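**Student:** Any chance you can model this:
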Amino acid sequence: MADRLPAEDESVDAIVYSLVLCSVPDQARALREGRSVLRPGGQLRFFEHVRAESATLRRVQTLLDATVWPTLAGGCHTGRGTAAAIEGAGFAIEEIEHFRFPDVRVALPTSPHILGMARLP
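**Tutor:** Now for the predicted structure:
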């Protein structure tokens with residue numbers, strides 16, 4: 001589990017979260033756990049789908065997250081504010097790219113993504 005990593009405190013140089021922070025029951029707890037195992041200056045690499053910038057798509061995400069999506073998709077939430085959560089956990093985001101995947105004409109609820117790197121101060 002992301003909230004119970006099998007590593008000692010300050011024992012790793014980097015951690016990677018890839019399409020997991022949408023599904024953990026407690027995103028803040030998972031990020032705190034990642035922070036605890038990182039050495040000072042360690043890197044967090046992330047690739048996640050996130051809350052949409054479009055108000056219309058955000059409404060769709062909110063509706064899905066409050067109803068069927070987490071049950072159908074293994075606990076996944078389509079509209080989490082993951083970049084803010086990463087910063088809120090004490091990481092400094094140094095690189096971040098926002099993009100849609102898949103980049104189709106009509107955005108899907110899981111289309112907004114971020115890819116980047118944050119560091120422990």
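
**Student:** all strands of this structure, in order?
**Tutor:** 12-18, 38-49, 92-100, 112-119 (DSSP state E).

**Student:** looking at this structure, which residue ends up farthest from its center?
**Tutor:** Most distant from the centre of the chain: Arg105, at 24.1 Å, with distances by CA atoms, centre = their mean.

**Student:** mind checking pLDDT for the residue lying closest to Phe46 once chain neighbours are set aside?
**Tutor:** Distances taken as CB to CB, 6 or more residues apart in numbering place Tyr17 nearest to Phe46, at 4.8 Å, with adjacent residues excluded. C-betas here are computed from N, CA, C, even on glycine. Among the per-residue scores, Tyr17 shows a pLDDT of 96.

**Student:** Kindly report the same for Gly74.
**Tutor:** For Gly74, pLDDT reads 94.

**Student:** Could you measure from it over to Leu19?
**Tutor:** 11 Å (CB to CB, to the nearest Å).

**Student:** out of the two, which sits in the busier spot?
**Tutor:** Counted by other CB atoms under 10 Å, Gly74 and Leu19 do not tie: Leu19 has more neighbours, with 13 against 9.

**Student:** In this structure the more buried one contacts Val50, no?
**Tutor:** No. Checked against CB atoms under 8 Å, the pair Leu19 and Val50 is beyond contact range at 10.9 Å.

**Student:** which residues of the protein score low on pLDDT?
**Tutor:** 1 (pLDDT under 70).
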